[in-house]
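S.K.: fold the following, please.
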Amino acid sequence: MYKKILAIKIRAMGDTVLMTAALNELRRRHTHAEIHVVVTDIWASLLENHPSVTKVWKYTRHEEKTARARAIARLGLQLRREKFDCVVGFHASPSIAILAYSTGADVRSIHFHGLKDKNRYSTVEIPGKGVVKPIIERDMDAIRALGISIPEGKLPQLVLTDDELEKARQIFKKRELQPPILALALGASRPAKIWPLERFAELASLWYKTTKGSVITVTSNDEQGLVDEYKEALAKQPTINTGFSDRTHSFTDLDARQLVAVLKLSSVLVGNDSGPRHLAVAVNTPTVTMIGPENPIEWHPYPRTLHPYLYAENLPCRSDALPGMPAWCGLQTKCIEKEHRCMKLISVEQVFTETRRVSHQ
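M.R.: The predicted structure follows:
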């Protein structure tokens, strides 16, 4: 049994949330161990109050190579003083390898995701190499390498305080947002993954017409353009003249934990393949996801009974994947040549049907 464990995953918001499923399994096996976690600084707050985490270490990524090397070196020296006896790296990179090695831990389980690559940086053999699988299961393989038996199907978990939930309730009350509340995540990591915004607007209108509830959108500060386009489309909906304008609000300035609380109080989240849906899953809010250029096998590790996704199968334009990998398109912008078919083939009716089916009302 290990007494002091370090887990490392310095990636995006969704990766940070997904990692919590593996952290719970570490805690289950090593009940009394200290479990420290290194994550990207802007997502560190998501792990506050988490029962499987003893301490969070923040990593600030620098674009300039020299600054990045210095930051890794400083953090590595701090971690070495902690005397960890085991390190788990959920996504191998030179930075993670350096941090893991710098701890001096004898056991280092470092998952390298390349299907044909060897277990770089790791002192133990990672099971399941060469198999395409959901990202949660890849994370679990780094834990399984330590001799822990874990069944498939574990989900991420985030923990909120009563005070945070009450503040979210007050936010809704102040804006007179009546339940049931539909949350829309308009953004994505690249435009090619965004469902047409006029369809989000049509979906919002249908929700109000059918449930008399409210609709919110959740975006980051740099996605204001998406909000503006959505509002322009919403203004053309007939329900806007029947009181709906008082039942909708766009949130662009919520911090990470406020966003989680708002999603926790929502009836359902509908959105693209992006970070907010992982947050919603982690607080047991149903989700509906529109997936376009990428294959859902890796990034939708959730039961479709409560977290369905819509995906247009067998499109030949998803042609950027390496041999043996799931079909994938790496286009950054909405494609003109193929009319963005991967997203436009997903209809409002399909999404609305699934939204009504899974929503808490």
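S.K.: part of a strand, is residue 129?
M.R.: No - secondary structure of residue 129 (DSSP: H, G, I helix; E, B strand; the rest coil): coil, not part of a strand.
S.K.: just checking, it touches residue 120?
M.R.: No - look at residue 129 against residue 120 with CB atoms under 8 Å: they stay out of range, at 11.0 Å. Where you see a C-beta, it was placed from the backbone N, CA and C, and this is true even at glycine.
S.K.: show me which of those two is the more surrounded one.
M.R.: More crowded of residue 129 and residue 120, by other CB atoms under 10 Å: residue 129, with 17 against 14.
S.K.: now do the more buried one against residue 101, distance only.
M.R.: As judged by CB to CB, to the nearest Å, residue 129 and residue 101 stand 21 Å apart.
S.K.: count of residues packed around residue 18?
M.R.: Residue 18: 25 surrounding residues under other CB under 10 Å.
S.K.: now the host helix or strand of it: mean pLDDT?
M.R.: Here residue 18 sits within helix 13-29, counting by DSSP states H and E. Mean pLDDT, helix 13-29: 96.
S.K.: ok now it, how far from the chain's centre?
M.R.: 12 Å (CA atoms, centre = their mean, to the nearest Å).
S.K.: give me the contact list for the helix or strand following that helix.
M.R.: Note on helix 13-29: by DSSP H and E, the next helix or strand toward the C-terminus is strand 34-40. By CB atoms under 8 Å, 6 or more residues apart in numbering, the residues outside strand 34-40 that reach it are 3-12, 16, 19, 23, 26-27, 46-47, 52-61, 75, 79, 82, 84, 99.
S.K.: show me the strands in the stretch 251-361 of the chain, by range?
M.R.: 268-272, 287-291, 309-311 (DSSP state E, counting those that start in this stretch).
S.K.: deepest of the ones you listed, which one?
M.R.: Highest mean neighbour count among those (mean count of other CB atoms under 10 Å): strand 268-272, with a mean of 27.
S.K.: who touches that one?
M.R.: Residues outside strand 268-272 that contact it (CB under 8 Å, 6+ apart) are 180, 182-188, 193-195, 200, 203, 263, 276-277, 280, 285-292, 351, 355, 358-360.
S.K.: partners of that strand in the sheet?
M.R.: Within its sheet, and counting by DSSP bridges, strand 268-272 is paired with strand 181-185 (parallel), strand 287-291 (parallel).
S.K.: can you say which of the contacts of strand 268-272 are buried?
M.R.: Buried members of the contacts of strand 268-272, counted by 16 or more other CB atoms under 10 Å: 180, 182-188, 193-195, 200, 203, 263, 276-277, 280, 285-292, 351, 355, 358-359.
S.K.: what stretches of the stretch 251-361 of the chain score poorly on pLDDT?
M.R.: For the stretch 251-361 of the chain, the stretches flagged by pLDDT under 70 are 360-361.
S.K.: right, I mislabeled it, should have said the stretch 51-200 of the chain
M.R.: Short version for the stretch 51-200 of the chain, where the test is pLDDT under 70: 113-118.
S.K.: how about the helices in the stretch 101-250 of the chain?
M.R.: 135-144, 162-174, 197-211, 224-234 (DSSP state H, counting those that start in this stretch).
S.K.: okay, the strands of the stretch 251-361 of the chain in JSON lines with distance to residue 66 next?
M.R.: Output for these, formatted as JSON lines (distance: least, CB to CB, whole Å):
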{"stretch": "strand 268-272", "distance to residue 66": "36"}
{"stretch": "strand 287-291", "distance to residue 66": "39"}
{"stretch": "strand 309-311", "distance to residue 66": "42"}
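S.K.: between those strands, which one is nearest to residue 258?
M.R.: Checking those against residue 258 by CB to CB gives strand 268-272 as the closest, at 14.9 Å.
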